[in-house]
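[1] below: sequence and its predicted model.
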Amino acid sequence: MQITFYKYQGTGNDFVMIDNRLLTFPKQNIELINKLCDRRFGIGADGLILLENDENLDFKMVYYNADGNESTMCGNGGRCLVAFANFLGVIKDKAAFNAVDGLHNATIKDGIVSLQMIDVAEIKQKDSYSFLDTGSPHHVQLVSNVTEFNVFAEGKKLRYGLYGAAGSNINFVTKNDKGFTVRTYERGVEDETLSCGTGVTAVALAMHKTGSTTDTVIPIKAMGGDLEISFEPSNEGYKNIFLTGPATQVFKGEIEC
Ligand SMILES: N[C@@H](CCC[C@H](N)C(=O)O)C(=O)O
């Protein structure tokens, strides 16, 4: 079987994108998805995303981590999928699509995608970290110098040690002169990625909730580029949360499977 794919990246979080509107992709083949994402034996990516038809909305997002398993929401992947839908002519400058965590609205202009994330009602605060779900589960921990921090070792330890079999993504964060610098250990990739959209969203909300900032538009420096998160605090938590940044097509190819 030959598969046509596109490679996208959003601030260095990279994805294999497949147009599956004809439902030809073998979705249950975990080994195949894992191999397509493999950086030595496949195309190489942090995840694989299928664009499918949706009964009521512009399209549907189906997301798999690099380990081959279908997972929870991917913010940067969602932004890249909006750019892919625009490239395919499925949408123009606005999108409303379904993902595992529900409806997402988005806009795209000059390669910059602004994606509305789910409302967040609860942020659990512990002595040294916060935990919240922004579509995917996230641990958020302030450290004194994140650029020098051993994200892989510490992230891996917490991902398995604190969160059991289900696990969590683990974000380490340091305040900078504009906003925050963030590095993330991603569940399902089992490594640090260059950026995590649901992760930086979690960081912005947790930093606001714990009083590290009073801003509601927060620039975040990820290792692969800059993102911005905006939101409205409300009695029920946080709403109108938007993740904004670039999403780029890198190349197109065909692979024999
Ligand atoms: N890279 C993502 C997060 C993808 C999901 C995550 N690996 C998980 O399984 O929880 C993002 O940009 O949000």
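    Sure, I can see it.
[2] wasn't residue 207 part of a helix?
    Yes - with DSSP: H, G, I helix; E, B strand; the rest coil as the criterion, residue 207 is part of a helix.
[3] quick check: it touching residue 216?
    No - in this structure, residue 207 is not within contact of residue 216 by Cβ atoms under 8 Å, at 11.1 Å. Every C-beta, even on glycine, is put in place using the N, C-alpha and C of the backbone.
[4] just want to know which of those two has more residues nearby.
    Neighbours per residue, other Cβ atoms under 10 Å: of residue 207 and residue 216, the larger number sits with residue 207, 24 against 15.
[5] list the contacts of the more buried one.
    140, 173, 175, 180, 213, 218 (Cβ atoms under 8 Å, 6 or more residues apart in numbering).
[6] what secondary structure does the fifth one sit in?
    Classification of residue 213 into helix, strand or coil gives coil, according to three-state DSSP.
[7] tell me the contacts of it?
    Counting by Cβ under 8 Å, 6+ apart, residue 213 has contacts 175, 179-180, 207.
[8] could you report the pLDDT at it?
    As predicted, residue 213 sits at a pLDDT of 98.
[9] what's the answer for the second one, then?
    At residue 173 the predicted local confidence, pLDDT, stands at 98.
[10] quick check: it touching residue 203?
    Yes - using Cβ under 8 Å, residue 173 makes contact with residue 203 at a distance of 5.1 Å.
[11] anything in contact with each of those two?
    Common neighbours of residue 173 and residue 203 (Cβ under 8 Å, 6+ apart) are 140, 180, 182.
[12] which of the residues you listed sits closest to residue 37?
    The closest of the shared contacts of residue 173 and residue 203 to residue 37 turns out to be residue 182 (Cβ to Cβ; 22.6 Å).
[13] that closest one pairs with what?
    residue 173 (DSSP bridges).
[14] my guess is it contacts residue 225. True?
    No - the pair residue 182 and residue 225 fails to qualify as a contact (Cβ under 8 Å) at a distance of 11.5 Å.
[15] the more surrounded of the two?
    Neighbour count, other Cβ under 10 Å: between residue 182 and residue 225, residue 182 has more, with 26 against 18.
[16] contacting residues around the more buried one?
    146, 171-173, 196, 199-200, 203, 220-222.
[17] of those residues, just say which sits nearest to the ligand.
    residue 196 (4.3 Å; Cβ to the nearest ligand atom).
[18] can you tell me the closest non-neighbouring residue to that closest one?
    Excluding the flanking residues, the one nearest residue 196 by Cβ to Cβ, 6 or more residues apart in numbering is residue 184, at 4.0 Å.
[19] again with residue 26
    Per Cβ to Cβ, 6+ apart, closest to residue 26 is residue 32, 6.3 Å.
[20] still on that earlier bit, just the ones of the contacts of residue 182 in strands?
    171-173, 220-222 (DSSP state E).
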